[in-house]
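Enquirer: I would like to see how this sequence folds:
(one chain, ligands or ions: 1)
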Amino acid sequence: MTTAAETEITPARLTVLAGPTAVGKGTVAAYIREHCPQVCLSVSATTRKPRPGEIDGVHYYFVDDAEFDRMIAQHELLEYATVHNSYRYGTPEAPVRKALAEGRPVLLEIDLQGARQVRRNAPDARLVFLSPPSWDELVRRLVGRGTETAEEQRRRLETAKVELDARSEFDDEVVNDSVARAANEVVHLMGIHPQKETR
Ligand code: 5GP
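Expert: Okay, here's the model as predicted:
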């Protein structure tokens, strides 16, 4: 763990963006996908069903349990976890290795359990914690999103409390007070200088 003042901005090839549920990891990652084509954003496999507007192969690879089991058995996943005690999510390893071999910086937007596995399996990875401006704001974002049932929201808030305590395990912390600002900070931490000013 280093303080912000000590942090050297060196090109980190593999970067993990994690943080509590509903903090806006997906929104920040989408912003980076749109504004920073140099970054290779890993596409995860998941056993959950697509939400409206989500495209197979773009936002996730939507797979069934049997296919997810096969990916685990064939050692195709760099990390995987059951998130919010419900669905399984994992990072296909081959595309990550290929992009890194091509010298492209790779960003994984994953949960805390996955971030810990990456820490073990790829110690050189940079772990960035995306935090909410406040707890109240996190609750507001989760409830306001309206994509989960009340029971699902309660489960995710329980997970979020535990996840917030993990920030000290990370190399850097970025506050998601504004999507563009937070995304630019993440990209800057990856050692990339955006081609155009996006603030
Ligand atoms: P959602 O269902 O809202 O898209 O994502 C739920 C959670 O799963 C988010 O916290 C997201 O970061 C996490 N997640 C997405 N992909 C992966 C992955 O490949 N591995 C792990 N461990 N978590 C993931």
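Enquirer: give me the sheet partners of the host helix or strand of Leu107 and which way each runs.
Expert: Assigned by DSSP states H and E, Leu107 belongs to strand 106-109. In the sheet, strand 106-109 lines up against strand 14-18 (parallel), strand 40-41 (parallel) (DSSP bridges).
Enquirer: wouldn't Leu107 be in contact with Met190 here?
Expert: Yes. Taking Cβ atoms under 8 Å as the definition, Leu107 is a contact partner of Met190 at 7.0 Å. No exception for glycine: its C-beta is placed from N, CA and C like everyone else's.
Enquirer: quick one: check the strand holding Leu107 for contact with the ligand.
Expert: Yes. Residues of strand 106-109 contacting the ligand under Cβ under 6 Å from any ligand atom: Glu109.
Enquirer: who touches that strand?
Expert: 13-18, 25-26, 28-29, 32, 39-42, 44, 78, 91, 96, 99-100, 114, 118, 186, 190 (Cβ atoms under 8 Å, 6 or more residues apart in numbering).
Enquirer: any idea how far Trp135 is from the residue of the chain found nearest the ligand?
Expert: Using Cβ to the nearest ligand atom, Gly114 is the residue of the chain that sits closest to the ligand, at 2.5 Å. As for Gly114, its distance to Trp135 is 23 Å (criterion: Cβ to Cβ, to the nearest Å).
Enquirer: those two - which one has more neighbours?
Expert: Comparing Gly114 with Trp135 by other Cβ atoms under 10 Å, the one with more neighbours is Gly114, at 23 against 13.
Enquirer: picking up where we left off before, between Leu107 and Met190, which contacts overlap?
Expert: Shared contacts of Leu107 and Met190, counting by Cβ under 8 Å, 6+ apart, come down to 15, 39.
Enquirer: what does this protein put close to the ligand?
Expert: 21, 25-26, 44, 48, 79, 81, 83, 89-91, 109-111, 113-114.
Enquirer: at which residues are the strands of the protein located?
Expert: Taking DSSP state E as the criterion, the chain contains strands spanning 14-18, 40-41, 44-46, 60-62, 77-83, 87-92, 106-109, 126-131, 172-175.
Enquirer: and stretch 131-148, C-alpha only, in CSV?
Expert: C-alpha atoms of stretch 131-148 as CSV (Å, rounded to 0.1, in the frame of the first residue of the first chain):
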residue,chain,number,x,y,z
SER,A,131,-15.0,4.1,-3.8
PRO,A,132,-18.3,6.1,-3.5
PRO,A,133,-18.2,9.7,-2.3
SER,A,134,-20.2,8.5,0.7
TRP,A,135,-22.2,5.5,2.0
ASP,A,136,-25.5,7.4,1.5
GLU,A,137,-24.6,8.0,-2.1
LEU,A,138,-23.8,4.3,-2.6
VAL,A,139,-27.3,3.3,-1.2
ARG,A,140,-28.9,6.0,-3.4
ARG,A,141,-27.2,4.6,-6.5
LEU,A,142,-28.1,1.0,-5.8
VAL,A,143,-31.7,1.7,-5.1
GLY,A,144,-32.0,4.3,-7.9
ARG,A,145,-30.7,1.8,-10.5
GLY,A,146,-33.9,-0.1,-10.2
THR,A,147,-32.5,-3.3,-11.8
GLU,A,148,-32.6,-5.5,-8.7
